[in-house]
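Undergrad: when you get a sec, could you give me coordinates for this:
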Amino acid sequence: MNWHNLDDPPRVILELGRVFPTPVPAPVQVLERPGPPPIVIDPGHGGKDTGAVSSSGLTERDLTMAVARRLAAELRARGHAVRLTREDGEGRALTDRTAIANRLEAKAFVSLHANASTFSSVRGSETYYMSLDDQATDEAAAALARLENEAGTEATEQTDLDLILWDLAQASVLNDSAMLAVAVQTRLNALLDIRDRGVKQAPFVVLTGATMPAILVEVGFLSNPAEAGRLTSAEHQQALASAIATGIDAFLREQ
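TA: Numbers count the residues shown, from 1 in each chain. Prediction:
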C-alpha cells in the first residue's frame, strides 16, 4: 500500500497493490580493448565539415577517408592492428579523436589532412607534432593550426585537471612524436621527390592529450591544381598510404 496527502480539499489518497521500487540504472559497462594495442588513424574533418576543397570539388574530408582506408590496409598487411576514429559521413569532435586513441592504449596516433594555400604554386607534404607552449615553428604552421582547430564538431567539456594531465602526458611522448614525424616525412619526401617541407610543431587541438606518439600529416595541397589532380588518383592515394605506413612501421620496429 502507498499513500499521500492532497490539499484543496484536504484528503488522503491510498494506493492499494504492489509498490514497485524506483529502477536503478545498470552499471556502465567498461569495454576492454580486444587484441593488441592498435595504431589509430584519424581521417581529418568529417560530417558537414568538408575541410579544404580543390577547384575540381575534391574535399579534404573525402580524401583523408580514402587515404586512411588504404593506410589501414597497408598497416594490417604488415601485422599491425588498426582502428579509425570515424566512418564515412560521421563527424567527431577534435578532442574525442585522441580520447579514442587513449582509451584503446594505441601505439601511435596519426591524423590525416590535406593542405591549402593562397599561393597555388605551393605543393608537397608536411608532418607536424604537438607544441606544448602554444608556439609554432613558423607563421604558416601557426595559421594552419588555427584553421584546423576551428574545424570539427563541438568538443566534449574538459576540466582544468584534464588539461593539466593531458599536457603532462603529451610532454612525456613529445620526443617519440618527433621521431615518428621524421620517419613519416622522410618517406613522403622520397615519394614526392621534392624539397623537404620539413617536420614542424604547432598547437593542434587534435593532438592534445595523446598519451602515445602522435602526428598530423598534410598529404598535399588541394589549392595546387596539379597536386590536387594527383590526389584524386587511386594510384597516388595508394602510394601515399604505402609511404606513411613504411614510416610508421619503421618507427615502431625501433621502439
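
Undergrad: going forward, measure contacts between C-alpha atoms and count neighbours the same way
TA: Fine.

Undergrad: strands along this protein, start to end?
TA: 2-6, 11-15, 39-43, 82-84, 108-115, 126-130, 199-202, 214-221 (DSSP state E).

Undergrad: deepest of those strands, which one?
TA: strand 126-130 (a mean of 28; mean count of other Cα atoms under 10 Å).

Undergrad: contact partners for the residue nearest to Leu192 when sequence neighbours are not counted?
TA: What sits nearest to Leu192 in space, not counting adjacent residues and going by Cα to Cα, 6 or more residues apart in numbering, is Gly124, at 7.1 Å. Residues near Gly124 by Cα atoms under 8 Å, 6 or more residues apart in numbering: 192, 194, 197, 219-221.

Undergrad: measure Gly79 to Ala73 for me?
TA: Separation of Gly79 from Ala73 (Cα to Cα, to the nearest Å): 10 Å.

Undergrad: more neighbours, those two?
TA: Taking other Cα atoms under 10 Å, Gly79 and Ala73 do not tie; Ala73 has more neighbours (18 against 9).

Undergrad: for the residue positioned nearest the centre of the chain, what are its contacts?
TA: Among the residues of the chain, the smallest C-alpha distance to the mean C-alpha position (Cα atoms, centre = their mean) belongs to Asp42, namely 3.8 Å. Contact partners of Asp42, counting by Cα under 8 Å, 6+ apart, are 68, 84-86, 97, 109-112.

Undergrad: what sits against the nearest residue to it once chain neighbours are set aside?
TA: Closest residue to Asp42 in three dimensions, ignoring its sequence neighbours and counting by Cα to Cα, 6+ apart: Ser111, at 4.4 Å. If you count contacts by Cα under 8 Å, 6+ apart, Ser111 has them with 41-44, 206, 214-217.
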